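# Quick one, what's the 3D model for this:
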Amino acid sequence: MCVLYSITTSAALHKKEDLAARTIEPDTYERDESDTSTQDDKQGTVVSLLVLTPLVKDGEKLPYYHPAVARLAVRYIPVADVQEPGLDTELGTLLIEAVLPAIPSSSSTFIEQPPQPPDPASRLYRTCLSLLDTVHRYGWGALTHYRKRVHHDCLVPREDYQDLYLILREKYKHLINAWKEATDPLKHVFEDVGIATFLMLFWKATCGNGDYMPARESTDAPWRSWPRPAGGFLDLGCGNGLLTHILVSEGYAGHGIDVRLRQSWSHYPDHTRKALHVYALDPTCCPIDTRATELENAIGDMPTTTKYDLHPPINNAGTEFLKPDVFLIGNHADELTPWIPVLATLCDAAGYLSIPCCAWKFDERFTRTSSTSFLPPSGTVIGPNEDEDAFIEMLNLGAEGSRKSQYSAYRIWLAQLSRWMGWKVECEVLRIPSTRNWGIVGRERLFLEGDGKMEVYKDRARAIVNEVVRRGMFKTRKPEGKADH
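Predicted coordinates:
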């Protein structure tokens, strides 16, 4: 939906606004909408006005989520000669006003609705109050020079995200009433819809130079012709399988693996059930090398591991999970979280998205005082010519960017690990209903001169595998359920 904005920057909004929502007569706006500052004869003050007019094509209707109005207006009326101490602005009244749509008559004409008092129980009234609160918060933030703690929409445009999210939310909201797990359906359904939305748009922007050719174009679902990872996706620790279900249902090839069969899986359609697998991934079975590596030299002498039998990540049905150009997904993957950039490097993945929750290292819980970092000394991970504080600043950690919390320290460690594995670190605070909505993304490899095959980074990854095996503390979970589901 396209909306026309007429914006003024001459008004300052104040937190002591009058909460008011009322309808206005249609002819109030029979003027040029670019005229956003008008004279109020009764008060002798300048009124600042913002009018929002939805642009609807002939034969189309407003989407269901849009307020049933012809126009919405935000009006700020300052009170002359009344100022708040300490602030260089006048107090005033902030109004949300609405023009109701015309009513069709029997003669194929439209009748304008007369002004009427708002019904406090109506959806329009609640929408206006919510909009009033939002406008106030933005205005008060501008007045007090508020600085956002985190930045959203760094990797995917907000408008594109919102448009696709609304479509997918409408399509999958029925799962709330059919939820089979003991967890909160509202949180999980809308969270996974949000993550799927982000991934679909992220892949569209990232995989645009690929050779993917859709079987056919779809006007109802244009994303079916969008670029996607050549090796599909792998959802590590997929849990209830909903994210895998959404992506597979929308035409994306991939798999979800988990150590436990979930009740929800049997209620998904056949194409989703085929993509869900009970499988205990053992990351230490990735290829290792007994040579001394850059990491071993950096963090001191480490005993060389002996060779052992390797079992490639293939299930009983012959499905290969870690293959070149696969895109790894870790949404609260817990013990597998630190392994994601390591595995992505070893298998030449197309990239990864990791949304960390519980803090784990490779074979133990993460603590800030742990003696084993698996990384070289601070200052050598990100490069000798880079500033460590600037590196942490760009991680978009929000209020916890000062490293005071363990979760903040964990995210910094994960970002340093990703850089050590040869990935350009990018971060996004996702628009999902979760307090753990910070995601780290790898999509671009960092090349070292003379190392076209990325062997330096693979050696580093193998060294981590070697050390984990040497310590002998890592234990792969046992599958619970049919192993080749």
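# how long is stretch 351-368 from one end to the other?
One end of stretch 351-368 to the other measures 27 Å (CA to CA, to the nearest Å).
# nope, stretch 171-179 is what I meant
15 Å.
# Which parts of the protein are helices?
123-143, 158-172, 185-206, 242-249, 270-273, 294-299, 339-346, 388-393, 406-420, 455-471 (DSSP state H).
# Can you tell me, leaving aside adjacent residues, what's nearest to the residue nearest the centre of the chain?
Central residue of the chain (CA atoms, centre = their mean): Leu430, 2.5 Å from the mean position. Nearest residue to Leu430, sequence neighbours excluded (CB to CB, 6 or more residues apart in numbering): Asn437, at 4.6 Å. Glycine gets a C-beta too; all of them are placed from N, C-alpha and C.
# for the one you found, what are its contacts?
355, 429-431 (CB atoms under 8 Å, 6 or more residues apart in numbering).
# Go through those residues and name the one nearest Ser418.
Ile355 (13.5 Å; CB to CB).
# Tell me the bridge partners for that closest one.
When bridges are called by DSSP bridges, Ile355 pairs up with Asn331.
# right, and it touches Gly439 too?
Yes: if you go by CB atoms under 8 Å, Ile355 and Gly439 touch, sitting 4.6 Å apart.
# shaky segments in the stretch 351-485 of the chain?
Within the stretch 351-485 of the chain, the ranges that satisfy pLDDT under 70 run 371-372, 377-380, 383-384, 399-403, 450-453, 481-485.
# Neighbours of the nearest residue to Asp160 once chain neighbours are set aside, how many?
Spatially, and ignoring its direct neighbours in sequence, Asp160 is nearest to Leu201 (5.5 Å; CB to CB, 6+ apart). Close neighbours of Leu201, defined as other CB atoms under 10 Å, add up to 20.
# State the distance from Leu201 to Val150.
19 Å (CB to CB, to the nearest Å).
# Next: Thr244.
Relative to Val150, and taking CB to CB, Thr244 is found at 28 Å.
# Neighbour count: those two, which is higher?
Using other CB under 10 Å, the more surrounded residue of Thr244 and Val150 is Thr244, with 29 against 16.
# residues contacting that one?
Contacts of Thr244 (CB under 8 Å, 6+ apart): 235, 238, 254-256, 272, 275-276.
# Please report how far it lies from Ala196.
9 Å.
# ok, back up a step: out of the contacts of Thr244, which two sit at the greatest distance?
Spatial extent of the contacts of Thr244 (CB to CB) is set by the pair Asp235 and Thr272 at 11.6 Å.
# Who has more neighbours out of those two?
Legend: neighbour count by other CB under 10 Å for Asp235 and Thr272, higher for Asp235 (28 against 20).
# Spatially nearest residue to the more buried one (excluding sequence neighbours)?
With sequence-adjacent residues excluded and distances taken as CB to CB, 6+ apart, Asp235 is closest to Gly256, at 3.9 Å.
# Now do the contacts for that neighbour.
234-235, 238, 241, 243-244, 275-277.
# Please flag which of those sit within strands.
Members of the contacts of Gly256 lying in strands (criterion: DSSP state E): 234-235, 276-277.
# what sits against the residue nearest to the centre of the chain?
Counting by CB under 8 Å, 6+ apart, Leu430 has contacts 152, 194-195, 198, 355, 437-439.
# Can you flag the buried ones in those?
Listed as buried from these are 194-195, 198, 355, 437-439; burial here means 16 or more other CB atoms under 10 Å.
# In JSON lines, list those residues along with distance to Asp334.
Converted to JSON lines, these look like this (distance: CB to CB, whole Å):
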{"residue": "Gly194", "distance to Asp334": "20"}
{"residue": "Ile195", "distance to Asp334": "16"}
{"residue": "Phe198", "distance to Asp334": "21"}
{"residue": "Ile355", "distance to Asp334": "11"}
{"residue": "Asn437", "distance to Asp334": "16"}
{"residue": "Trp438", "distance to Asp334": "15"}
{"residue": "Gly439", "distance to Asp334": "15"}
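# Tyr407: which of those residues is nearest?
Trp438 (8.9 Å).
# Sketch out the low-pLDDT regions of the stretch 1-150 of the chain for me.
Looking at the stretch 1-150 of the chain by pLDDT under 70, you get 1-47, 64-65, 80-90, 104-116, 146-148.
# any idea how far the residue nearest to Leu430 is from Ser418?
18 Å.
# same thing with Glu159?
For Glu159 relative to Ser418 (CB to CB), the value is 29 Å.
# So the two - more neighbours on which side?
The neighbour comparison of Glu159 against Ser418 (other CB under 10 Å) goes to Ser418, with 26 against 9.
# The more buried one contacts Val425, correct?
Yes: under the criterion of CB under 8 Å, Ser418 makes contact with Val425 at 5.2 Å.
# Now do the shared contacts for these two.
Common contacts of Ser418 and Val425 (CB under 8 Å, 6+ apart): 440, 442.
# check contacts around the nearest residue to Ala350 once chain neighbours are set aside.
Excluding the flanking residues, the one nearest Ala350 by CB to CB, 6+ apart is Pro229, at 4.3 Å. By CB under 8 Å, 6+ apart, the contact list for Pro229 reads 203, 207, 210, 325-327, 350-351.
# Could you do Gly232 as well?
Gly232 sits in contact with 252-255, 326-327, where contact means CB under 8 Å, 6+ apart.
# ditto for Glu428
Neighbouring residues of Glu428 by CB under 8 Å, 6+ apart: 152, 154-156, 198, 396, 438-439, 441.
# Export the residues you listed as TSV, with columns for distance to Ser373.
Formatted as TSV, the contacts of Glu428 follow (distance: CB to CB, whole Å):
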residue	distance to Ser373
His152	31
Cys154	28
Leu155	28
Val156	32
Phe198	30
Asn396	23
Trp438	21
Gly439	23
Val441	23
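# Closest to Leu49 out of the residues you listed?
Once CB to CB is applied, the member of the contacts of Glu428 that ends up nearest Leu49 is His152, at 28.2 Å.
# Report the separation between the closest one and Gly194.
Applying CB to CB to His152 and Gly194 gives a distance of 11 Å.
# again, but for Glu455
37 Å.
# do the same with Pro222
From Pro222 to Gly194 the distance is 19 Å (CB to CB).
# and what of Phe327?
Taking CB to CB, one finds Phe327 at 17 Å from Gly194.
# go on, Thr435?
If you go by CB to CB, the gap between Thr435 and Gly194 works out to 14 Å.
# quick one, what contacts Gly241?
Gly241 neighbours (CB under 8 Å, 6+ apart): 256, 258, 262, 264-265, 268, 272, 276.
# just how off-centre is stretch 350-368 within its chain?
Distance of stretch 350-368 from its chain centroid, counting by CA atoms, centre = their mean, to the nearest Å, is 18 Å.
# Between the two ends of that stretch, what distance do you get?
31 Å.
# Repeat that for stretch 172-192.
From start residue to end residue, stretch 172-192 stretches across 10 Å - CA to CA.
# Show me what counts as buried in that stretch.
For stretch 172-192, by 16+ other CB under 10 Å, it's 172, 175, 179, 185, 188-192.
# and the two most separated of those?
Going by CB to CB, the pair spanning those furthest: Trp179 and Glu191, at 12.8 Å.
# Quick check: the two most widely separated of the contacts of Gly256?
Maximum distance among those (CB to CB): 14.2 Å, for Leu243 and His277.
# And the residue nearest to Leu430, how far from Arg123?
From Asn437 to Arg123 the distance is 28 Å (CB to CB).
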